[in-house]
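*Asks:* Build me a structure from this.
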Amino acid sequence: MTLPLRPRFLTRLSAAALLAATLCAATWADDARAAYPEQAIKLVVPFTPGGATDAVARLLANKLSGKLGQAVIVENRPGASTVIGADAVARAQPDGYTLLLSGSTTYTVLPALKPSLPYDPRASFEHIAIVALAPVVLLVQNGLAANTAQEAAELARRHSASGGLMYGTFGPGSAPHLVGEMFAEAAGAKMTPVPYKGSAQFITALIGGEIALGVDTVSSAAPQVKAGKVRALAVTGEHRVPQLPDVPTFIESGLPGVSMVGWYGLVAPARTPAPVLDTLNDAVSSIMQDPQVRRAINDLALEPVYLPGPAFKARMEDELRTFAEVGRRADIKLD
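*Replies:* The predicted structure is shown next:
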């Protein structure tokens, strides 16, 4: 007579067991979040010490140490255009004790242009936040007959039949190369890239008249512009930069297709537990509201921001598509 009640009893027992398991899991998650971090955290920077990425990482590491109550140690792992450091973090234990702070080259430029990388920018990482933006500026030699970006575009069109204006890059697939090709596309012109080893050589060539124009970071270009050695015609991004307040944006100049803005993003290895990511997100969000931090990032000629995981991933996806298209049009390939 009791048999019909048995399934109901088992159902109640199963529900109770499920509730208990859920409560245990929630308690474990709370405990994990409360316990993290229990030891020092390593923040990998895939560049040598002294550059902008390193400076942002050290600022963030110092503030994270205070927020989390554990040392955050910057480890520089340069090499192979950031691939060595990025791959090391992708392969690290997903426990929150190894993080990566790198520029957009790691997350979008290289993956869009290089067919084989040891890491996947989407699947290899948990995307915590973008913490700074880095606009770039179009520079021209003083003797160039162009005072605006539109006049430079017209000049580029007129020279297309003769091989095109020569513009400086930092090598195939570098930010100046991509922005130069964006400018050529927006202008409807053909231009010729000329590679240099870095900003110093590029600026020297521009001052000396070896090339007509090129793109550099605001931090590198601003002192040369203010000294009257080169001229700035436009900056990328949605608004003007405080270091060059009289220089319009490409949007203002009627060339919105020239849109590349570098950025700095913090990630953890894929499968890092959600409670750990929540702790890191909360800490970074708070840090990026600190006026002292924002001033320090502004002093690096960067724009402080806090773009959490979903915005990080949306920006990354958009740039992966854009840079892949620019690479196909300009036949930019990285071995």
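
*Asks:* any weak-confidence spans in the chain?
*Replies:* Across the chain, the ranges flagged by pLDDT under 70 are 1-34.

*Asks:* Pop the domain breakdown of the protein in here.
*Replies:* Listed by automatic domain parsing, the domain ranges of the chain are 39-134+261-330, 136-235.

*Asks:* Tabulate the ones you listed in TSV, adding columns for mean neighbour count.
*Replies:* Just so you know, the C-beta spots here come from the backbone N, C-alpha and C atoms, and that holds for glycine as well. Output for the domains of the chain, formatted as TSV (neighbours: other C-beta atoms under 10 Å):
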stretch	mean neighbour count
domain 39-134+261-330	19
domain 136-235	19
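
*Asks:* Indicate which one of these is closest to Phe250.
*Replies:* domain 136-235 (4.8 Å; C-beta to C-beta).

*Asks:* Relative to the whole chain's centre, how far out is that closest one?
*Replies:* In terms of C-alpha atoms, centre = their mean, to the nearest Å, the centre of domain 136-235 is found 22 Å from the chain centre.

*Asks:* Do you have the strands of the stretch 201-335 of the chain handy? List them.
*Replies:* 213-217, 231-235, 262-269, 303-308 (DSSP state E, counting those that start in this stretch).

*Asks:* So which of the ones you listed is nearest Thr249?
*Replies:* The nearest among the strands of the stretch 201-335 of the chain, by C-beta to C-beta, is strand 231-235 at 5.6 Å.

*Asks:* just checking, what packs against that closest one?
*Replies:* strand 136-140, helix 149-159, helix 218-226 (3 or more C-beta pairs under 8 Å, 6 or more residues apart in numbering; DSSP states H and E).

*Asks:* Output the ones you listed as JSON lines; include the columns distance to Arg271.
*Replies:* Formatted as JSON lines, those follow (distance: least, C-beta to C-beta, whole Å):
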{"stretch": "strand 136-140", "distance to Arg271": "35"}
{"stretch": "helix 149-159", "distance to Arg271": "45"}
{"stretch": "helix 218-226", "distance to Arg271": "36"}
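
*Asks:* and of the ones you listed, who's closest to Ala186?
*Replies:* So among these, helix 149-159 is nearest, using C-beta to C-beta, at 6.8 Å.

*Asks:* tell me what the closest one is packed against?
*Replies:* Right, helix 149-159 is packed against strand 136-140, helix 175-187, strand 231-235 by 3+ C-beta pairs under 8 Å, 6+ apart.

*Asks:* what's the closest of the ones you listed to Ile41?
*Replies:* helix 175-187 (29.2 Å).

*Asks:* how many degrees apart are the closest one and helix 149-159 in direction?
*Replies:* 80 degrees (axes from the mean of the first three to the mean of the last three C-alpha atoms, to 10 degrees).

*Asks:* Export the biggest strand by length in the chain to PDB, keeping only CA atoms.
*Replies:* Longest strand in the chain by number of residues (criterion: DSSP state E): strand 125-134. Below are the C-alpha coordinates for strand 125-134, written out as PDB (Å, rounded to 0.1, in the frame of the first residue of the first chain):
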ATOM      1  CA  PHE A 125      42.200  33.900 -21.500                       C
ATOM      2  CA  GLU A 126      39.500  35.200 -19.200                       C
ATOM      3  CA  HIS A 127      39.200  38.900 -20.100                       C
ATOM      4  CA  ILE A 128      39.200  41.100 -17.000                       C
ATOM      5  CA  ALA A 129      39.400  44.700 -18.100                       C
ATOM      6  CA  ILE A 130      40.900  47.200 -20.500                       C
ATOM      7  CA  VAL A 131      42.500  49.900 -18.300                       C
ATOM      8  CA  ALA A 132      44.000  52.400 -20.800                       C
ATOM      9  CA  LEU A 133      43.600  53.700 -24.400                       C
ATOM     10  CA  ALA A 134      46.500  54.800 -26.600                       C
END
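
*Asks:* Export the helices and strands packed on helix 149-159 as JSON lines, with columns for distance to Leu277.
*Replies:* Listed next are those as JSON lines, based on distance: least, C-beta to C-beta, whole Å:
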{"stretch": "strand 136-140", "distance to Leu277": "31"}
{"stretch": "helix 175-187", "distance to Leu277": "29"}
{"stretch": "strand 231-235", "distance to Leu277": "34"}
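
*Asks:* Quick one: closest of the ones you listed to Val83.
*Replies:* Comparing the helices and strands packed on helix 149-159 by C-beta to C-beta, helix 175-187 comes nearest, at 16.5 Å.
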